[in-house]
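Student: Sequence plus the predicted model coming up.
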Number of protein chains: 4
Amino acid sequence: MNKNVVNIRVRYKETDRMGVVYYSNYLVWFEIGRTELFRDSGMDYRELERTKNIFFPVIRAECDYKVPVKYDDLIRVETEIADIGKTRVTFRYLIKTDDILNASGQTCHVFVDANGKPMPIPPDVFSALSGFNALN
Amino acid sequence: MNKNVVNIRVRYKETDRMGVVYYSNYLVWFEIGRTELFRDSGMDYRELERTKNIFFPVIRAECDYKVPVKYDDLIRVETEIADIGKTRVTFRYLIKTDDILNASGQTCHVFVDANGKPMPIPPDVFSALSGFNALN
Amino acid sequence: MNKNVVNIRVRYKETDRMGVVYYSNYLVWFEIGRTELFRDSGMDYRELERTKNIFFPVIRAECDYKVPVKYDDLIRVETEIADIGKTRVTFRYLIKTDDILNASGQTCHVFVDANGKPMPIPPDVFSALSGFNALN
Amino acid sequence: MNKNVVNIRVRYKETDRMGVVYYSNYLVWFEIGRTELFRDSGMDYRELERTKNIFFPVIRAECDYKVPVKYDDLIRVETEIADIGKTRVTFRYLIKTDDILNASGQTCHVFVDANGKPMPIPPDVFSALSGFNALN
């Protein structure tokens, strides 16, 4: 089992008038987590889009908010793969500051071609991502 | 049973390089839906925060993405209350363009005071929101 | 002379921990103002991009912030054309709430083709936008 | 003379359907640049707000866009102080990728207390920021 860890400094832009980070921004951090997991796996997600015209839209996202994250906090995003099948991948994320678990979440994705038509996960992507499968 | 309906024109800012709306923005539309449901119920959410120091943070959010929303689309957000208890409220949202269901989702909220301490739902809020309870 | 006026309800997402709207969001409202000016002029900006592969990137933006805008305010964006030449267009924006001027700004744009190569303003666009030229 | 340099990985969220970064996001990067300049100077901007109730709103922002920034680019934000007086500070920013200048900009700020009343720059802030004055 393997996971990706990336640190992010919380931006002023990401806060709201309640004084904490606005809830939709956690999904942006999830995106950073999976981008870095891709990079970590040896795949370059940008190149998948650019050269192979393969896209990876989300079909479901969920997040449980436990302890608010604040401006200028240095958060840690831990990303792993909860499930990978023939046509879809589920990522699992933890958002932490020091030893506090601020939030956890999941996103589920499919692969589509340039016309938006679903396609099976390319074998090299499957192989690269499998190293981050929490079940392994 | 009652629900709130609000129309929103999709902003260029809300799109991404895949040519469709970026996934975290659906949660922003959910926020607009529940703000308008509050207004519709006779409560003013801003005044709750300003004069009573009552806040309404989200503890869970989820969204299922079905058909991508595009730039300049005029979407309809339908918001109702899926569940309301002594300390928490769950909203349910549908995002539609014409007769297409683009996405559906839920958010669960608690009430807290200015120090972030959980508190029971104030009776006038409970009463106002109950009119939008899908179970009624 | 002619200008476009559009009303926008301020989103919770647009505020920051200072309790007012975060400064970059004014540029998003400017975008809404010019989109609506286009629509008002009889041009559909989305169709320009979709069917003619003409894009309209910004080359300069500026904003003067006078009175902070707050959550749930209903702002009015007034947009007119400050200058229109053979290759570029400058829009001027006012952001108001009731009779208060909250901010003013400008953006300057060029026209480019699908390859990002600058091109002269198409005659039908020039003609449509000229109706909003503050100098007329 | 001194300047702050910070590197930022471009987020998918920051792109738009034109395939490049949406223009308001440059102002968010400017904010990161000045936050890091503050940190670099020995001041902690968050602590100014939290313990001294001093805020630092922007009164003017401008940006010249030269070469579009793309998804997953690693940009460099260079921040210095263009001018510092008794009541206001002007920051100057360069956005670069490798040896390309993508954009340049400025923001001007005043200091205000918790009630939004303008105040002179605190001597310790003046002293700390002066080390980043481009005129020195």
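Tutor: Cool, the structure landed.
Student: Ends of stretch A:41-59, what's the gap?
Tutor: Stretch A:41-59 has an end-to-end distance of 22 Å (CA to CA, to the nearest Å).
Student: got the angle between the longest helix along chain A and helix B:25-41?
Tutor: What stands out as the longest helix in chain A, according to DSSP state H, is helix A:25-41. Calculated by axes from the mean of the first three to the mean of the last three CA atoms, to 10 degrees, helix A:25-41 forms an angle of 170 degrees with helix B:25-41.
Student: and helix A:25-41, what does it pack onto?
Tutor: The elements that helix A:25-41 packs onto, with contact taken as 3 or more CB pairs under 8 Å, 6 or more residues apart in numbering or on different chains; DSSP states H and E, are strand A:4-9, helix A:45-52, strand A:58-65, strand A:74-84, strand A:88-97, strand A:100-112, helix A:123-130. For the C-beta atoms, the positions are set from N, CA and C on the backbone; glycine is no exception.
Student: from the middle of its chain, how far away would that helix be?
Tutor: In terms of CA atoms, centre = their mean, to the nearest Å, the centre of helix A:25-41 is set 4 Å apart from its chain centre.
Student: With stretch A:49-57 instead?
Tutor: So, by CA atoms, centre = their mean, the centroid of stretch A:49-57 is 16 Å from its chain's centroid.
Student: So which bits of it are buried?
Tutor: Neighbour-count burial for stretch A:49-57 flags A:49, A:54-56 (criterion: 16 or more other CB atoms under 10 Å in any protein chain shown).
Student: Start and end of that stretch, how far apart?
Tutor: OK, stretch A:49-57 end separation, CA to CA: 11 Å.
Student: I'd like to know how far A:M18 sits from B:A82.
Tutor: 23 Å (CB to CB, to the nearest Å).
Student: rewinding a little: tell me which of the buried residues of stretch A:49-57 is nearest to chain C?
Tutor: Nearest to chain C among these, counting by CB to the nearest CB, is A:E49 at 17.3 Å.
Student: can you pull up the bridge partners for the closest residue to that closest one other than its chain neighbours?
Tutor: Once flanking residues are discounted, A:E49 sits nearest to A:F55: 6.1 Å by CB to CB, 6 or more residues apart in numbering or on different chains. Taking DSSP bridges as the rule, A:F55 bridges to A:V112.
Student: Show the contacting residues for A:F55.
Tutor: Contacts for A:F55 (CB atoms under 8 Å, 6 or more residues apart in numbering or on different chains) come out as A:49, A:111-114, A:116, B:18.
Student: which residue packs closest to A:M18, ignoring adjacent ones?
Tutor: Computed as CB to CB, 6+ apart, the closest residue to A:M18 that is not its neighbour in sequence is B:F55, at 5.7 Å.
Student: typed the wrong thing, it's A:Y71
Tutor: Distance criterion CB to CB, 6+ apart; nearest residue to A:Y71, sequence neighbours excluded, is A:T15 at 4.9 Å.
Student: got the angle for the lowest-mean-pLDDT helix or strand in chain A vs helix A:25-41?
Tutor: Ranked by mean pLDDT, DSSP states H and E, the weakest helix or strand in chain A is helix A:45-52, scoring a mean of 87. For helix A:45-52 against helix A:25-41, the angle between stretch directions is 70 degrees (the same axes, to 10 degrees).
Student: Kindly provide the distance from A:K13 to D:I32.
Tutor: Distance, A:K13 to D:I32, by CB to CB: 9 Å.
Student: more neighbours, those two?
Tutor: Between A:K13 and D:I32, counting by other CB atoms under 10 Å in any protein chain shown, A:K13 is the more crowded of the two (22 against 19).
Student: Am I right that that one is in a helix?
Tutor: Yes: residue state for A:K13 (DSSP: H, G, I helix; E, B strand; the rest coil) corresponds to a helix.
Student: quick one, what contacts it?
Tutor: Residues counted as contacts of A:K13 (CB under 8 Å, 6+ apart) are C:16, C:22, C:24, D:28, D:31.
Student: Most widely separated two among those residues?
Tutor: Farthest pair in the contacts of A:K13 (CB to CB) is C:D16 and D:V28. Separation: 10.9 Å.
Student: what about these two, which has more around it?
Tutor: For C:D16 versus D:V28, neighbours defined as other CB under 10 Å are more numerous around C:D16 (23 against 19).
Student: where does the more buried one fall, phi/psi-wise?
Tutor: C:D16 adopts backbone torsions of phi -130, psi -180, taken as degrees, to the nearest 10.
Student: what's the distance between it and chain A?
Tutor: C:D16 sits 5 Å away from chain A, going by CB to the nearest CB, to the nearest Å.
Student: So which residue is smack in the middle of chain A?
Tutor: Centroid check for chain A by CA atoms, centre = their mean gives A:R34 as the closest residue, at 3.2 Å.
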